[in-house]
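Undergrad: could you work out the structure for the sequence below:
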Amino acid sequence: MLYLIGIGLWDEKDISLKGLEAAKKCDKVLIEKYTSLWKGDLESLGINAETVAREDLENDINNILDTAKEKDVAILVPGDSLIATTHNSILLDAKKYGVETKVIHSSSIFSAIGETGLQIYKFGKVSTIAYYYSEAPYNLLEDNLKQDAHTLFLLDITKEKLMTCGEGLKILLDLENKFKKNLLSEETEVVVFCKAGSSEQILRYDKIKNLLNLDCFLCVIIIPGKLHFLEKEYLDSLRD
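TA: As a prediction, the model looks like this:
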């Protein structure tokens with residue numbers, strides 16, 4: 001049996017009882033940390049997990065599936081277990097291998113953004129702001145704004161560094177300066193949500209110009225589309 005277990009937003013206290021019970025009974029426990037930086041201490045829960053790299057899950061998954069044919073194996077995933085497309089591929093590979101699977105979900109940024117007061121069903125497509133040059137975030141923002149939809153931007157995570165909120169906003173402004181479609185400016189009001197689910201979380205609604213020096217990492221940036229009056233009232237309460 002192969003288990004895909006979401007372990008929540010921040011630390012070991014976010015793991016569900018169902019996920020904890022499943023992980024403890026497994027013969028082998030793996031954890032990936034490339035999709036998000038997770039701050040938990042699994043050993044405090046009595047779980048000894050081996051860290052696996054992206055290559056292990058994308059290119060060498062057959063080795064894991066061979067073990068899962070004979071034993072119970074768990075792959076622990078920060079946030080929810082199926083947010084990253086890599087993990088859907090794992091389930092497909094497992095079916096081809098004849099390995100039984102079980103998915104255990106958990107909290108993720110896609111549920112946590114409800115804390116911003118923005119209505120989930122009004123969000124459009126999601127994009128990642130990367131360190132390498134890409135026009136995709138700007139193009140996606142344009143499409144979402146045409147639909148009056150909110151836009152959620154995830155920020156890049158590499159082996160070397162984590163993108164800060166300020167860096168992400170500067171990249172968006174650079175794209176605006178290049179294409180000049182008036183999608184945003186330093187006066188645009190946006191939501192930034194940093195370290196969601198932790199005691200250190202930051203949730204602010206402000207003009208971009210006031211957030212450019214925000215050095216917080218593990219952030220998402222939300223550019224609202226057309227606001228319902230209740231959304232507007234909630235966002236106004238986040239200004240301070």
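Undergrad: and the spatially most central residue of the chain, what's its pLDDT?
TA: Central residue of the chain (CA atoms, centre = their mean): I109, 5.2 Å from the mean position. pLDDT, I109: 93.
Undergrad: got it, and the one 10 residues further on?
TA: The score at Q119 is 97. That number is its pLDDT.
Undergrad: do you know how far it is from P224?
TA: Between Q119 and P224 the computed distance is 10 Å (CB to CB, to the nearest Å). Glycine gets a C-beta too; all of them are placed from N, C-alpha and C.
Undergrad: and what of I31?
TA: Distance, I31 to P224, by CB to CB: 35 Å.
Undergrad: what about the strands in the chain?
TA: 2-6, 28-32, 50-52, 73-77, 101-104, 123-129, 150-155, 189-194, 202-207, 219-223 (DSSP state E).
Undergrad: which of those is buried the deepest?
TA: Greatest average neighbour count among the strands of the chain goes to strand 73-77 (a mean of 26), per mean count of other CB atoms under 10 Å.
Undergrad: which intervals of the chain have sub-threshold pLDDT?
TA: Applying pLDDT under 70 to the chain flags residues 240.
Undergrad: domain ranges for the protein, per the record?
TA: Domain assignment for the chain, taken from automatic domain parsing, gives 2-107, 110-236.
Undergrad: just to revisit the earlier point, joint contacts of Q119 and P224?
TA: E231 (CB atoms under 8 Å, 6 or more residues apart in numbering).
Undergrad: re the thing from before, and the strands of the chain as CSV, adding distance to S237?
TA: Rendered in CSV, the data for the strands of the chain read as follows (distance: least, CB to CB, whole Å):
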stretch, distance to S237
strand 2-6, 30
strand 28-32, 36
strand 50-52, 40
strand 73-77, 33
strand 101-104, 34
strand 123-129, 20
strand 150-155, 17
strand 189-194, 12
strand 202-207, 8
strand 219-223, 15
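Undergrad: between Q119 and P224, which one's more packed in?
TA: Neighbour count, other CB atoms under 10 Å: between Q119 and P224, P224 has more, with 23 against 14.
Undergrad: now for the longest helix that the chain contains, which elements pack on it?
TA: Ordering each helix of the chain by length in residues (DSSP state H) puts helix 165-179 first. Where contact means 3 or more CB pairs under 8 Å, 6 or more residues apart in numbering; DSSP states H and E, helix 165-179 is packed against strand 123-129, helix 136-146, strand 150-155, strand 189-194, strand 219-223.
Undergrad: switch to 7 Å and redo it
TA: Packed against helix 165-179 by the contact rule (3 or more CB pairs under 7 Å, 6 or more residues apart in numbering; DSSP states H and E) you find strand 123-129, helix 136-146, strand 219-223.
Undergrad: relative to I7, which of these is closest?
TA: strand 219-223 (18.6 Å; CB to CB).
Undergrad: tell me the angle of that closest one relative to strand 150-155?
TA: Note on geometry: by axes from the mean of the first three to the mean of the last three CA atoms, to 10 degrees, strand 219-223 and strand 150-155 are set 150 degrees apart in direction.
Undergrad: surely I83 touches I109?
TA: No. With contact defined as CB atoms under 7 Å, I83 and I109 do not form a contacting pair (8.1 Å).
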